[in-house]
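J.: What follows is a predicted protein model with its sequence.
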Amino acid sequence: MLKNIAVLVSGGGTNLQALIDAQNDGIIKSGKIKLVISNNKNAYALERAKNAGIDSLVISKKELGSQDAFEDELIKKLDEEKIDLIVLAGFMCILTEKFTSHFADRIINVHPSLIPSFCGKGFYGLKVHEAALEYGVKVSGATVHFVNEIPDGGKIILQKAVNIEEGDTPEILQKRIMQEAEWKILPAACEMVCKNMN
Ligand code: GAR
């Protein structure tokens, strides 16, 4: 049986696109993307879902008024759709233990650095690459890991290193890490986890 996958997004959705492409190319073959959820109604990721014929919906923490209500609504929809695996693909919201324990070992996230460097609370999006360049590391990369109640603290599934080059800006580095690492290891990890799931 194919596992039901939900992808949670907040912005551009290039990682969602990589998952859609991997599904079309047969790289993801043990699961199927059933649902895309965005916390942001303006996320371009919603267009990508629509273009691929995947159901999507917006669940806004702002509109629901609290973290508790936000997580209740997410859990309700994910359970209703019988989701087996939740993929956080550029999802810029912290999830508490209430959510992560409800879906223990069934949530994965892509983070744009080699964990345990440049991760945890406050490290997201371009901020991660700014911190890496500021520190002066020569290698960065991406990590896919299981999600528990500790931000970026769950078990690592896959990592890929990417060299930093002379003249890199946060934007240039972000793009290189996406192309060379994130868009490859996220679909690969997604397939691995679906395949190994009971
Ligand atoms: C990606 O680089 C992803 O790794 C990062 O945000 C970007 C989203 O891009 N996620 C985090 O920083 C989470 N801590 P996308 O919307 O184009 O996939």
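T.: That came in fine, so what should we check first? Numbering: from 1, shown residues only.
J.: what about the helices in this protein?
T.: With DSSP state H as the criterion, the chain has helices at 14-24, 45-51, 61-64, 67-80, 97-102, 126-135, 170-177, 183-196.
J.: Give me the contacts around the second one.
T.: In this case it means helix 45-51. Residues outside helix 45-51 that contact it (C-beta atoms under 8 Å, 6 or more residues apart in numbering): 7, 9-13, 16-17, 20, 36, 38, 55-56, 58, 89-90. Bear in mind the C-beta positions are built from the backbone N, C-alpha and C, glycine included.
J.: ok, 10 Å please
T.: With C-beta atoms under 10 Å, 6 or more residues apart in numbering as the test, helix 45-51 has contacts from 7-17, 19-20, 33, 35-38, 40, 43, 54-58, 89-91.
J.: same check, this time on the fifth one
T.: Contacts of helix 97-102 with the rest of the structure, by C-beta under 10 Å, 6+ apart, involve 67-68, 70-72, 74-75, 78-79, 86, 93, 95, 104, 106-107, 146-150, 154.
J.: Can you name the residues of this structure that neighbour the ligand?
T.: In this structure, the chain approaches the ligand at residues 11-15, 45, 89-90, 110-112, 124-125, 128, 178, 182, judged by C-beta under 6 Å from any ligand atom.
J.: So which of those belong to strands?
T.: Cross-referencing those against strands under DSSP state E gives 110-111.
J.: Report the buried members of the residues of the chain next to the ligand.
T.: By the neighbour-count criterion of 16 or more other C-beta atoms under 10 Å, those include these buried positions: 11-15, 45, 89-90, 110-112, 124, 128, 178, 182.
J.: which two in those residues are spaced the farthest apart?
T.: Comparing all pairs in those by C-beta to C-beta, the longest separation belongs to 45 and 128, at 18.9 Å.
J.: if we can go back for a sec, using ChimeraX, make a named selection holding only the buried ones among the contacts of helix 45-51.
T.: Only the buried members of the contacts of helix 45-51 enter the following ChimeraX selection, criterion being 16+ other C-beta under 10 Å:
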select :7,8,9,10,11,12,13,14,15,16,17,19,20,33,35,36,37,38,40,43,54,56,89,90,91
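J.: Pick out the residue in the chain sitting closest to the ligand.
T.: Distance from the ligand to each residue of the chain (C-beta to the nearest ligand atom) is smallest for residue 90, at 2.7 Å.
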